[in-house]
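A.B. asks: need a structure here:
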Amino acid sequence: MSNTNIKKVRTSDLELKDRLVSIQRVTKVTKGGRTFSFSAIVVVGNENGIVGYGLGKANEVTSAIAKGVEDAKKNLVKIPVLKGTIPHKQEMKYSGSLVMIRPAAPGTGVIAGGAMRAVLESVGIKNVLAKSKGSSNPHNLVKATVAALLELRDAYSVAQVRGVSLNTVFNG
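C.D. replies: The predicted model follows:
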C-alpha cells in the first residue's frame, strides 16, 4: 500500500458525524479478580469525502466512545467521490480481512455489511457494491476499507501524476 496520496484534513471547520462500529467488553484478570473495561471503534466523516476512524478504551461505554471519536478526528483523510460513487474498482487486504469495492449506478444504494457500511456512508458514497471476505473482525474490516478508499485515484490526479491533460487520460 502506497501512502503517497494520503491527504490529512483539519477538523476546525467540518461538520462531522460519528458512527459506532463496534463495542467490546474486555477483561483484565488481576490478583484481586477481574477488571472490566470497554473498547470501541468509531468512524467519523462529513459525508462529503472526508473520513477517519479511531479506537477508544475506558471503564465506561460513553467514555470509550468519546475517546474513539477524539482519536478518529486526529486521523481524517480525503477520499475521491465522483457523483456519489467511487472512481474505480479496488481490493485491499488488511490482516485477515479482504475487502472489494466497486462503483455502482445511481439508485443502487450502499450494498455493504456492518463495518464497511459505516465507513462508506461516513465518506458520503451513495452507490457502491462492496464485499468482504475472510475475517469479519470489525477492526480489520474498517482498516481494510479505509486503506482501499485511500488507494482510489480520480482522473484529475492520474492526469496530474502523468503530466498530461485530462483528455489524454481518457482518449489515451
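A.B. asks: name the helix or strand for the residue positioned nearest the centre of the chain, please.
C.D. replies: Nearest residue to the geometric centre of the chain (CA atoms, centre = their mean): residue 146, 3.5 Å. According to DSSP states H and E, residue 146 maps onto helix 138-150.
A.B. asks: packing partners for that helix?
C.D. replies: Judged by 3 or more CB pairs under 8 Å, 6 or more residues apart in numbering; DSSP states H and E, the packing partners of helix 138-150 are strand 17-30, strand 33-45, strand 50-58, strand 77-78, strand 90-94, strand 97-103, helix 114-123, strand 128-134. In short, each C-beta sits where N, CA and C put it, glycine included.
A.B. asks: what about the closest residue to residue 72 other than its chain neighbours, distance to residue 33?
C.D. replies: Using CB to CB, 6 or more residues apart in numbering and skipping residues adjacent in sequence, the residue nearest residue 72 is residue 54, 3.2 Å away. Counting by CB to CB, to the nearest Å, the gap from residue 54 to residue 33 is 30 Å.
A.B. asks: also residue 42?
C.D. replies: For residue 42, the distance to residue 33 (CB to CB) stands at 29 Å.
A.B. asks: residue 145 now?
C.D. replies: Distance of residue 145 to residue 33, computed by CB to CB: 38 Å.
A.B. asks: hmm, back to that, tell me the contacts of the residue nearest to residue 72?
C.D. replies: Contact analysis of residue 54 by CB atoms under 8 Å, 6 or more residues apart in numbering lists 41, 42, 44, 67, 68, 69, 70, 71, 72, 73, 74, 75.
A.B. asks: among those residues, which one has the lowest pLDDT?
C.D. replies: Lowest in pLDDT among the contacts of residue 54 is residue 75, which has 89.
A.B. asks: give me the more crowded residue out of residue 145 and residue 33.
C.D. replies: Using other CB atoms under 10 Å, the more surrounded residue of residue 145 and residue 33 is residue 145, with 29 against 7.
A.B. asks: quick check: residue 99 vs residue 145, distance?
C.D. replies: Distance, residue 99 to residue 145, by CB to CB: 5 Å.
A.B. asks: who touches both of these two?
C.D. replies: With CB under 8 Å, 6+ apart as the test, residue 99 and residue 145 both reach 92, 116, 130.
A.B. asks: quick one: which of those is most hemmed in?
C.D. replies: Highest neighbour count within these, by other CB under 10 Å: residue 116, with 26 neighbours.
A.B. asks: just the buried ones from the contacts of residue 54, in PyMOL syntax?
C.D. replies: Restricted to buried positions by 16 or more other CB atoms under 10 Å, the PyMOL selection for the contacts of residue 54 reads:
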select buried, resi 41+42+44+67+68+69+71+72+73
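A.B. asks: done for today, thanks.
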